[in-house]
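A.B. asks: Everything below, folded, please.
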Amino acid sequence: MLKNGFTLIELVVTIIILAILGVVAAPRFMDLQADARASSLKGLKAEMHGVMNVLYPKSVIQGLADKPKADKNKGEENYIVIDGVKVDLVYGYPAADSANSWSKLIMAKFEDSQFNPERPADWYFQNNGNDDFIQFMTQSKKFVGDNCYLKYTEAKSPTIPPVFEIIDSGC
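C.D. replies: Residues are numbered from 1 along each chain as shown. Predicted structure coming up:
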């Protein structure tokens, strides 16, 4: 009489094979997540470059390309109006200030990772306001210490444009 079913040895061998496949596949899956986060940062960088390619010529036409960062404590201003919204500039480029520049230029929700890490957002940022740079992080790596961020350093002079640096060692 024939019995349909598996022997104990067949089940054990199958479980061992599945375990080996899982051990081999898991690290590759983790690398995919890191690659996805790094690619997201590259996409944000490309979007920021696109915005600057439109914004800078407008600021040159309006004579704002030679103006340094405004000292708001002294009542200084350096901004351009885009679609009725003021965008802070430094030598014709966006300032390293999410609230007054990048969040107005890019159609995404930004939150400060130091003060609002629990609020849902598309991107998180960190800067101290007086710094000449800002760091943007992904949703799953929302702190600078995670070493997965895009650093935007604002223009230093009319001849030195902004610098982008992707740190992805912790992605």
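
A.B. asks: where do the helices sit along the chain?
C.D. replies: Assignment of helices within the chain using DSSP state H yields the ranges 8-61, 103-105.

A.B. asks: Out of those helices, which is the most enclosed?
C.D. replies: Highest mean neighbour count among the helices of the chain (mean count of other Cβ atoms under 10 Å): helix 103-105, with a mean of 18. Bear in mind the C-beta positions are built from the backbone N, C-alpha and C, glycine included.

A.B. asks: Can you pull out the residues in contact with that helix?
C.D. replies: Under the criterion Cβ atoms under 8 Å, 6 or more residues apart in numbering, residues 51, 55, 82, 85, 86, 87, 94, 109, 110 lie in contact with helix 103-105.

A.B. asks: Is the third one in contact with residue 55, as I believe?
C.D. replies: By that I understand residue 82. Yes: the criterion here is Cβ atoms under 8 Å, and residue 82 meets it with residue 55 at 7.3 Å.

A.B. asks: Kindly state the beta-bridge partners for the most centrally placed residue in the chain.
C.D. replies: By Cα atoms, centre = their mean, the chain has its centre lying nearest to residue 136, at 3.8 Å. For residue 136, the beta-bridge partners are residue 125, residue 150 (DSSP bridges).

A.B. asks: dump the residue contacts of it.
C.D. replies: Taking Cβ under 8 Å, 6+ apart as the definition of contact, the neighbours of residue 136 are 41, 44, 102, 110, 123, 124, 125, 149, 150, 151, 152.
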